[in-house]
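Novice: next input, structure requested:
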Amino acid sequence: MNPLSSPLLPDTGADLSGDGCSLRMQIDKWLAPSARVPARVVRFSRLPAQRRRYVCVEIAHPAGPIAIFFFRHDDGSWCVFPPADARPAMTMRAA
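Specialist: Predicted coordinates for the structure are as follows:
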């Protein structure tokens, strides 16, 4: 049984970025869950300012639980760091 097919993990759909940064791939990379030690979502919501999604995934470890936050970026990828804030930009146009 694939631990990432658990109903506890959200179905994130296809990887929209094409670079292999789906939530399931990131969980496998960072936490390496297995059938004996499954990963579980302990929190999910949106960041207050930009309303971007985040998920906190936890795995049991002999020394204690390990939790990592994953953040959804504008291109559809998931990363362990939040997306950069949009900054004001100046543009020029011909008169």
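Novice: quick one: the residue nearest the centre of the chain and residue 80, what's the gap?
Specialist: Among the residues of the chain, residue 70 comes closest to the average C-alpha position under CA atoms, centre = their mean, at 3.1 Å. Taking CB to CB, to the nearest Å as the criterion, residue 70 is separated from residue 80 by 6 Å. Glycine gets a C-beta too; all of them are placed from N, C-alpha and C.
Novice: quickly list what's touching both of the two.
Specialist: Jointly contacting residue 70 and residue 80 under the rule CB atoms under 8 Å, 6 or more residues apart in numbering are residue 26.
Novice: who's in contact with the residue nearest to the centre of the chain?
Specialist: Residues near residue 70 by CB under 8 Å, 6+ apart: 23, 26-27, 54-57, 78-80.
Novice: tell me the SS of it?
Specialist: The local conformation at residue 70, judged by DSSP: H, G, I helix; E, B strand; the rest coil, is strand.
Novice: what bridges to it?
Specialist: Residues in a beta bridge with residue 70, per DSSP bridges, are residue 55.
Novice: which pLDDT value goes with it?
Specialist: In this model, residue 70 is scored at 95, pLDDT.
Novice: cool, thanks, talk later.
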